[in-house]
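**Q** Below is the sequence, then the predicted model.
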Amino acid sequence: MTSQRYERWSEHKCQLLQQNLSRNHCRGTGGYILVQTFKNWYDAQTYCRTTYTDLASIRSPWEQKQVTSLVTKGVSIWVGLFLDTWQWSDQWSLLFRNWASGQPSSGTGGCSAIVMGDSGKWIADNCNLQHPFICYGGES
């Protein structure tokens, strides 16, 4: 998706949510914030930890629904899941799972992105790719 097309979509999505934090942030319910800036996973994690609490952890179907409500089809977003033993960046264990069929695939990457358009299923992706991302928590 081109940056310009993504920007138009994201402004529309934030208007629908009627909760603009700033030009690049869109707050949903449940404490989740869509950051509409493209960063690799590590930079996204640093940003979330500095500005909010951390990258989003998804521990239940309800939390999955809150996160996916912020994003539209065709967009990949970073969340806090990473490969060590597939745990959340905030150290929570991975109990709830929503992997896409055939995922996590070894060799594709050690970080998790949610790809919208496949019911918000998770995929393993290259941590150095740049995606928008979901933070959790209040502003620091």
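**A** Alright, I've got the coordinates.
**Q** what stretches of the chain score poorly on pLDDT?
**A** Within the chain, the ranges that satisfy pLDDT under 70 run 1-25, 28-29, 84-86, 93-94, 106-109, 115-118, 138-140.
**Q** quick one: the helices in it?
**A** Assigned by DSSP state H, the chain shows helices spanning 3-17, 41-51, 61-68.
**Q** and the last one, what other elements does it pack with?
**A** Contact here means 3 or more CB pairs under 8 Å, 6 or more residues apart in numbering; DSSP states H and E; on that basis helix 61-68 packs against no helix or strand. (C-beta placed from N, C-alpha, C; glycine too.)
**Q** Counting neighbours, which bits of it end up buried?
**A** Buried residues in helix 61-68, defined by neighbour count with 16 or more other CB atoms under 10 Å: 63-64, 66-68.
**Q** repeat for the second one
**A** Neighbour counts using 16+ other CB under 10 Å place 41, 43-45, 47-49 of helix 41-51 among the buried residues.
**Q** what packs against it?
**A** If you count contacts as 3+ CB pairs under 8 Å, 6+ apart, helix 41-51 packs onto strand 32-39, strand 54-55, strand 76-82, strand 131-136.
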